[in-house]
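K.L.:
Need a 3D model of the sequence below.
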Amino acid sequence: MPTILKQINVELAHIERLVTPGLVRIRSGQHGVGSGVVWRSDGLILTNAHVVRHGPLTVQTNDQIEFEAHVVANDPEQDIALVHVPATNLPALSIGDSSRLHPGDIVVAFGHPWGVPGAATSGIVIGVGDELAEWRNSRQRWLAASLHLRPGHSGGPMVNAQGQLVGINTMMNGPDVGLATPINVALEFISSQYVSSQFI
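P.N.:
Below you'll find the model as predicted:
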């Protein structure tokens with residue numbers, strides 16, 4: 001194997017070790033399985049609003065511990081939600097800055113597609129920010145990447161080459177484009193609307 005490919009393989013394995021401890025599985029009633037990200041060690045989980053729109057909610061951590069969960073905050077328009085589980089010392093992911101992404105940057109998306117636990121898919125950034133809103137005919141800001149998202153990826157982390165959280169996997173846009181909610185949008189959601197919550 002060429003040296004450059006070996007190095008890429010090593011780096012991707014390192015990213016996987018950084019990210020998967022903070023990846024959770026979310027079951028919403030009888031409506032399938034999605035993913036989530038440990039936002040804070042005291043049980044706060046970030047995911048998509050559409051992942052948690054049916055209840056009751058169960059969250060399974062990477063070490064297979066299950067908790068009943070409840071929604072703390074929900075923004076269907078931005079497709080972001082926060083849920084809380086009665087846990088402590090959960091491994092929260094490192095937060096990146098989605099505004100610093102550029103077309104061509106490498107990103108990796110994690111989740112549980114088709115029930116496969118902790119699966120990863122990688123690609124490059126197509127674009128990020130307000131310029132993609134018209135593309136989807138919505139006011140949502142997007143992070144678009146050339147990777148394959150599947151049912152079960154929703155709500156999971158999209159990370160940069162340093163393993164930092166830069167987006168929340170949201171939907172497919174054709175076979176070769178995955179859309180994520182930029183992490184800076186999630187930060188705005190958390191800080192501006194729900195700062196007074198006891199869980200924030």
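K.L.:
bridging residues for the nearest residue to Asp105 once chain neighbours are set aside?
P.N.:
Nearest residue to Asp105, sequence neighbours excluded (C-beta to C-beta, 6 or more residues apart in numbering): Val125, at 4.5 Å. For glycine as for every other residue, the C-beta is placed from the backbone atoms N, C-alpha and C. For Val125, the beta-bridge partners are Ala145 (DSSP bridges).
K.L.:
Can you give me the neighbour number for Val125?
P.N.:
Using other C-beta atoms under 10 Å, Val125 is surrounded by 23 other residues.
K.L.:
Check Glu11 too.
P.N.:
Neighbour tally, Glu11, other C-beta under 10 Å: 15.
K.L.:
what's near enough to touch Gln186?
P.N.:
Rather than Gln, residue 186 is Ala. Leu46, Ile80, Ile168 (C-beta atoms under 8 Å, 6 or more residues apart in numbering).
K.L.:
Is it correct that it falls within a helix?
P.N.:
Yes: counting by DSSP: H, G, I helix; E, B strand; the rest coil, Ala186 is part of a helix.
K.L.:
so how far is Arg53 from it?
P.N.:
Going from Ala186 to Arg53 by C-beta to C-beta, to the nearest Å gives 17 Å.
K.L.:
circling back: now, which of the contacts of Ala186 sits nearest Ser99?
P.N.:
Ile168 (15.3 Å; C-beta to C-beta).
K.L.:
Give me the local confidence score for that closest one.
P.N.:
Per-residue confidence at Ile168 stands at 97 (pLDDT).
K.L.:
One more: Leu44?
P.N.:
94.
K.L.:
Could you give the bridge partners of it?
P.N.:
Counting by DSSP bridges, Leu44 is bridged to Arg40, His84.
K.L.:
Now do the domain split for the protein, please.
P.N.:
17-92, 98-187 (automatic domain parsing).
K.L.:
All set, thanks.
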